[in-house]
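Student: next comes the sequence, and after it the predicted model I'd like to discuss.
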Amino acid sequence: EAQVTQNPRYLITVTGKKLTVTCSQNMNHEYMSWYRQDPGLGLRQIYYSMNVEVTDKGDVPEGYKVSRKEKRNFPLILESPSPNQTSLYFCASSPGTLAGVHNEQFFGPGTRLTVL
Amino acid sequence: AQKVTQAQTEISVVEKEDVTLDCVYETRDTTYYLFWYKQPPSGELVFLIRRNSFDEQNEISGRYSWNFQKSTSSFNFTITASQVVDSAVYFCALSEAQQQGGSEKLVFGKGTKLTVNP
């Protein structure tokens, strides 16, 4: 089954304790990205990756890191989480822009993170 | 700059009523893509439709239909004969073709929460 998986689905942690949220897709997609969803703000892009070893900042990158060492994986790293990073996080993937066409983005199930 | 406005924060209807969710967008690009996603209470994001800026044909898929009007920068979504299972938050999103770094960033509206009561 074609899918995007995220782990963990739920996480409660404390300020300053480094954590990683994993994201993996099995569709051989080139493009992957991370969004956070907050009440009243909708979804905002954190980081994106066009392909292996190619990553760039989205609209709200502060406090986050990413890496893309393999095509299928795109982990989100919070080196020193703070309470304002409490949010619902979504990973997404798409085939990439072929001839400038933007395709549907497939979203993972979400990770609900609480930072105390 | 890209912007999507969903003016209706919450809508409540009774089953079998028709309901239209409004979406107005802003962009300077001539080539762009519009999307609708559904987020049911379980939290996942479900893709509903993608439309490019050169295709103004309306689309119907079962009880769902979409009205794309470039003249008013709107991409409205209508559910006919609503059902309880349609209760969800619905997001409209925009992606400009020419984004820095080749990003396919989706700019989302804040969503409309639809409640369909039995």
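Tutor: Yep, that arrived.

Student: near chain A, which residues of chain B show up?
Tutor: Counting by CB under 8 Å from any CB of the partner chain, chain B comes close to chain A at B:31, B:33, B:35, B:37, B:43-45, B:47, B:50, B:52, B:91, B:93, B:95, B:97, B:101-106, B:108-111. Using the backbone N, CA and C atoms, a C-beta is placed for each residue, glycine as well.

Student: can you select the buried ones from those in ChimeraX?
Tutor: Here is the ChimeraX command that selects the buried residues among the residues of chain B next to chain A (16 or more other CB atoms under 10 Å in any protein chain shown):
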select /B:33,35,37,45,50,52,91,93,95,97,103,104,105,106,108,109,110,111
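
Student: inside helices: which ones of the residues of chain B next to chain A?
Tutor: Among those, no member falls in helices (criterion: DSSP state H).

Student: among the residues of chain B next to chain A, which are in strands?
Tutor: Counted as lying in strands by DSSP state E, out of the residues of chain B next to chain A, are B:33, B:35, B:37, B:47, B:50, B:52, B:91, B:93, B:95, B:108.

Student: show me the shaky parts of the chain.
Tutor: You didn't say which chain, so I picked chain A. A:97-100 (pLDDT under 70).

Student: not what I meant, chain B
Tutor: Residue ranges of chain B with pLDDT under 70: B:100-101.

Student: how does it look with 80?
Tutor: Along chain B, segments meeting pLDDT under 80 span B:1, B:98-103.

Student: quick one: residues in contact with the top strand by length along chain A.
Tutor: When chain A is parsed with DSSP E, its longest strand is strand A:42-51. With CB atoms under 8 Å, 6 or more residues apart in numbering or on different chains as the test, strand A:42-51 has contacts from A:30-38, A:55-61, A:64, A:66, A:68, A:71, A:74, A:76, A:89-90, A:96, B:91, B:93, B:101-106, B:108-111.

Student: I'd like the distance from residue B:2 to chain A, if you could.
Tutor: 10 Å (CB to the nearest CB, to the nearest Å).

Student: wait, doesn't that residue sit right on residue B:73?
Tutor: No. Using CB atoms under 8 Å, residue B:2 makes no contact with residue B:73, being 11.5 Å away.

Student: bridge partners for the residue nearest to the spatial centre of chain A, pull those for me.
Tutor: With distances taken as CA atoms, centre = their mean, the residue of chain A nearest its centroid is residue A:34 (2.6 Å). Beta-bridge pairing of residue A:34 under DSSP bridges involves residue A:47, residue A:91.

Student: so it is in contact with residue A:93, correct?
Tutor: No. Counting by CB under 8 Å, residue A:34 stays clear of residue A:93, with 10.6 Å between them.

Student: name the residues contacting each of these two.
Tutor: Common neighbours of residue A:34 and residue A:93 are listed as residue A:74 (criterion: CB under 8 Å, 6+ apart).

Student: residue numbers of chain A in contact with chain B?
Tutor: Contact residues (CB under 8 Å from any CB) of chain A with chain B: A:31, A:33, A:35, A:40-45, A:48, A:50, A:56, A:58-59, A:88, A:90, A:92, A:94, A:96-97, A:100-107, A:109-110, A:112.

Student: can you confirm residue B:116 is in a helix?
Tutor: No. Per DSSP: H, G, I helix; E, B strand; the rest coil, residue B:116 lies outside any helix segment and is strand.

Student: all good on my end, thank you.
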